[in-house]
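In: Fold the following for me, if possible:
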Amino acid sequence: MFLSSGKEAIWTKVRGCRFQSTSETQKKRESSGTHTRRPTIGTRWKLPVYYKGVLVGDYEADFVVEDKIILELKAVSTLHPKHEAQAINYLTATGLRLAILLNFGADSLQHPRVVK
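Out: Predicted structure coming up:
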């Protein structure tokens with residue numbers, strides 16, 4: 001599924017964040033005299049979970065970017081279908097359409113998108 005240009009721009013910003021350190025970014029800003037807006041990232045959104053109309057608990061999303069993208073952090077050797085199912089549950093609970101699973105436990109960074 002293709003993202004709208006606004007969501008693609010946010011994804012590009014998020015993807016770029018994992019490759020640049022804060023100090024490198026700051027040095028570039030100081031030397032170029034330019035300032036770019038960083039994406040807004042909220043942490044630990046609590047999502048109520050209902051079963052047959054009764055509140056049974058909460059899910060906690062790791063990060064939410066620009067109130068549009070859920071970032072779910074993992075540190076496992078391999079992502080499993082249950083991780084994607086968890087992201088889909090978060091998307092359903094929030095009404096958002098895109099989640100990105102960031103897995104730091106594999107040999108290289110994995111970052112599959114989950115679209116609802």
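In: Quick check: buried residues in the helix or strand hosting A93?
Out: Using DSSP states H and E, A93 maps to helix 81-94. The neighbour-count check on helix 81-94 (16 or more other Cβ atoms under 10 Å) flags H83, Q86, A87, N89, Y90, L91, A93, T94 as buried. Where you see a C-beta, it was placed from the backbone N, CA and C, and this is true even at glycine.
In: Wait, the second one touches K74, no?
Out: No. Between Q86 and K74 there is no contact, the gap being 9.5 Å when judged by Cβ atoms under 8 Å.
In: And L71, its phi and psi?
Out: Here is the backbone geometry of L71 (degrees, to the nearest 10): phi -110, psi 120.
In: on that earlier part again, what's the following helix or strand after the helix holding A93?
Out: strand 98-103.
In: neighbouring contacts of that following strand?
Out: 3, 7, 11, 14, 18, 68-76, 79, 83-84, 87-88, 90-91, 109-116 (Cβ atoms under 8 Å, 6 or more residues apart in numbering).
In: and that strand with helix 81-94, angle?
Out: 150 degrees (axes from the mean of the first three to the mean of the last three Cα atoms, to 10 degrees).
In: average pLDDT for the helix or strand just after strand 98-103?
Out: The helix or strand immediately downstream of strand 98-103 is strand 113-115, counting by DSSP H and E. For strand 113-115, mean pLDDT rounds to 97.
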